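Undergrad: Sequence plus the predicted model coming up.
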Amino acid sequence: MDKEIKEKMVMVCQHLMKMLNLASEVFRKPTEKSFKEAGEVKDRILQYSSELTSFIISKSPPSEKGKGSTKPYLSIATSFDRMAYNIEGILDRLRAKSEKHILFSERAVKEVNDIFQETIRLLEYLPNLITTENRLLGQRIGEEGRSVFEIANAYSEEHEERLIQGVCEPEHSPIYLGILESLKGVTVHALEVSGKIVSILPKS
């Protein structure tokens, strides 16, 4: 993998981790400063991702076959953008939660924190995968990503049961479920990035 492409990918990953960590902080303690900082980080992600896309295109060989070899890299840049938009979706729901003074139960807070931490850990693997080009790490990301889905889906189902039983407030439900869905979206695109990186590695 091209060294400069690697460096640009790592830069985007680092900012995605920063944005997700800020979203996690906002969930625990919402402040206008944190919301603003997360928005600024998102703008930088989109800028760096756009620069990555332009750089990939500039390095693309002119032949049709050469252009085909560029597609996985462009797909990675697109996945970075989608991760940023999913995190932005989390922040939008957290803003609504704050403005409407919605309080989650202790159980819901623990569940959302769990998925935040699992997703953050998954993103932390990506720069290492890009740098080391380690297939085993790619496999581990896949396994842990599937685990995030299983946990998030179980939490969603349990929440719906509590909703039916009248334990949870209907007004709170879309925000809680929306945060989980957006975190799953981040995970989906992290897995896509991992899969594309593994696919472009030299065959051992």
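TA: Structure's in. What do you need?

Undergrad: next SSE after the helix or strand harbouring I45?
TA: I45 is part of helix 32-59 when elements are defined by DSSP states H and E. Proceeding N to C from helix 32-59, the next assigned helix or strand is helix 64-99, under DSSP H and E.

Undergrad: how about that following helix: buried residues?
TA: Going by neighbour count (16 or more other Cβ atoms under 10 Å), the buried part of helix 64-99 is 72-74, 76-84, 86-91, 93-94, 97. C-beta: built from backbone N, CA, C; applies to glycine.

Undergrad: For L163, see how far away the residue nearest to K100 when sequence neighbours are not counted is.
TA: Distance criterion Cβ to Cβ, 6 or more residues apart in numbering; nearest residue to K100, sequence neighbours excluded, is E171 at 7.7 Å. Applying Cβ to Cβ, to the nearest Å, one obtains 11 Å for the distance of E171 from L163.

Undergrad: Between the two, which has more neighbouring residues?
TA: L163 (16 against 9; other Cβ atoms under 10 Å).

Undergrad: so the more buried one, which of the three states?
TA: Put simply, L163 is helix when judged by DSSP: H, G, I helix; E, B strand; the rest coil.

Undergrad: Setting aside sequence neighbours, what's the nearest residue to it?
TA: Spatial nearest neighbour of L163, excluding adjacent residues (Cβ to Cβ, 6+ apart): S173 at 5.7 Å.

Undergrad: pretty sure that neighbour is touching E161, no?
TA: No: at 11.9 Å, S173 does not count as touching E161 under the criterion of Cβ atoms under 8 Å.

Undergrad: And the two? Which one has more around it.
TA: For S173 versus E161, neighbours defined as other Cβ under 10 Å are more numerous around S173 (15 against 11).
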